[in-house]
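Quick one, what's the 3D model for this:
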Amino acid sequence: MWKTILSYLPDWVIIMQAFLTFLVPYGISKVFHWLRAPEGE
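Below is the predicted model of the structure:
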């Protein structure tokens with residue numbers, strides 16, 4: 001059963017690339033939001 005499920009999933013390389021593609025812009029936006037936040041907050 002697991003082989004049937006895994007055969008429909010893409011390779012781990014594609015999954016990691018998709019994860020990094022989402023994570024990098026998210027991290028950059030968080031860093032810029034943190035840098036532009038006022039010191040009092």
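
what about the longest helix in the protein?
When the chain is parsed with DSSP state H, its longest helix is helix 12-36.

average pLDDT for that helix?
For helix 12-36, mean pLDDT is 90.

what's in contact with that helix?
If you take Cβ atoms under 8 Å, 6 or more residues apart in numbering as the criterion, helix 12-36 is touched by residue 9. (Each C-beta comes from the backbone N, C-alpha and C, glycine too.)

and the residue nearest in space to the middle of the chain, how far is that from residue 30?
Centrality entry for the chain: nearest residue to the mean C-alpha point is residue 23, 2.9 Å, by Cα atoms, centre = their mean. Look at residue 23 and residue 30: by Cβ to Cβ, to the nearest Å, they are 10 Å apart.

now residue 9
Taking Cβ to Cβ, one finds residue 9 at 29 Å from residue 30.
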